[in-house]
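Undergrad: Generate a structure from the sequence data that follows.
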Amino acid sequence: MSDPLTTPGEGFHPHLGDAAGAPAASLRTRLHHIRGDALDDGTAQTEGMRRFAAVSGRTTGSEKLWMGQTHVAPSTSSSDHHHGASETAIYVVSGHPEFVFLDGSGPKPEEVRLRTAPGDYIFVPPFVPHREENPDPANEAVVVIARSTQEAIVVNLPELYALEHEDG
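TA: I've put the predicted structure just below:
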């Protein structure tokens with residue numbers, strides 16, 4: 001028989017308990033259980049989106065990773081932005097969000113729209129300007145995001161621009 005689920009904020013190893021007067025265990029010596037209803041909305045934001053941190057330096061002591069959810073409301077477009085030096089992986093949970101960027105490989109930059117469905121993944125390299133859109137008029141889009149930095153770096157931009165292509 002399995003133990004009941006842990007509850008938000010009750011600790012990381014409920015069976016160990018934090019005894020009064022006992023030294024607090026390091027965040028780096030325990031597994032962390034972040035409940036879906038206990039995500040942290042105190043993270044970097046972009047207009048048109050709501051980001052919620054699950055794993056971050058602040059929530060778990062993570063040193064090299066950030067992970068959380070982003071919600072894009074129906075008929076909404078985020079502001080143009082990039083994520084600095086962070087690599088970003090995105091998993092589409094629900095909805096059909098579109099990811100928009102400018103491709104500069106041709107004679108002039110061209111807008112590219114990646115139309116997604118639940119189960120799809122997107123990879124965003126460092127510093128690539130982009131935006132998320134949710135064209136659905138009735139349902140929000142939800143994605144899970146993982147970043148190669150401990151916090152959600154967000155650099156909001158006045159407009160999209162294409163990065164110069166590196167010759168390989």
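Undergrad: Surely residue 139 is in a strand?
TA: No. Counting by DSSP: H, G, I helix; E, B strand; the rest coil, residue 139 is not found in a strand; it is coil.
Undergrad: and the gap between it and residue 84?
TA: 30 Å (Cβ to Cβ, to the nearest Å). Placement of C-beta: from N, CA and C, glycine included.
Undergrad: same question, residue 131
TA: Counting by Cβ to Cβ - residue 131 and residue 84 are separated by 16 Å.
Undergrad: With residue 141 instead?
TA: With Cβ to Cβ as the criterion, residue 141 and residue 84 are 23 Å apart.
Undergrad: More neighbours: which of these two?
TA: Shown here are residue 141 and residue 84; by other Cβ atoms under 10 Å, residue 141 has more neighbours (25 against 14).
Undergrad: so that one sits right up against residue 90, yeah?
TA: No. Applying Cβ atoms under 8 Å, one finds residue 141 not in contact with residue 90, separated by 10.7 Å.
Undergrad: what helix or strand does the residue nearest the centre of the chain sit in?
TA: Centroid check for the chain by Cα atoms, centre = their mean gives residue 145 as the closest residue, at 3.2 Å. Here residue 145, judged by DSSP states H and E, is contained in strand 141-147.
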